[in-house]
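Asker: based on what follows, work out the 3D shape:
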Amino acid sequence: MALPTETQIIDNLKNVLDPELHIDVVNLGLIYGVNRDEKKNHVHVQLGLTSPACPYAPDLQRQGEETVAKMEGVQTSAGEITLS
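Answerer: All right, here's what the predicted structure looks like:
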């Protein structure tokens, strides 16, 4: 089974909403990178925050990981919160 494309992954991440703003992380500009490892069927997503003190960071990271992990072809996923 082929790994989803970067575009498919980003489209799927539109299902992850900021709990306070009720806007998805893609349209908020919080997806800083998507790395795909075809050999391991692994996806790594770099996710930013709306503020450095965002209380929802763990929830957003978990939701992002779970959303990507459910995609066909993905065996493992990891979300990384970055403040860049």
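Asker: only C-alpha atoms for contact and neighbour calcs from this point on.
Answerer: Will do.
Asker: now this protein, which segments are flagged as low pLDDT?
Answerer: Along the chain, segments meeting pLDDT under 70 span 84.
Asker: for residue 76, give me the backbone phi and psi.
Answerer: Main-chain dihedrals, residue 76, degrees, to the nearest 10: phi -140, psi 150.
Asker: for it, which non-adjacent residue is spatially closest?
Answerer: In space, and not counting its chain neighbours, residue 76 is closest to residue 42: 4.9 Å by CA to CA, 6 or more residues apart in numbering.
Asker: now swap in residue 79 and tell me
Answerer: Residue 79's closest residue in space is residue 45 (CA to CA, 6+ apart), at 4.8 Å.
Asker: part of a strand, is that neighbour?
Answerer: Yes - looking at residue 45 with DSSP: H, G, I helix; E, B strand; the rest coil, it is inside a strand.
Asker: what's the neighbour count on it?
Answerer: Other residues near residue 45 number 24, with proximity taken as other CA atoms under 10 Å.
Asker: could I get the contacting residues of it?
Answerer: By CA atoms under 8 Å, 6 or more residues apart in numbering, the contact set of residue 45 is 31, 32, 33, 34, 35, 64, 65, 77, 78, 79, 80.
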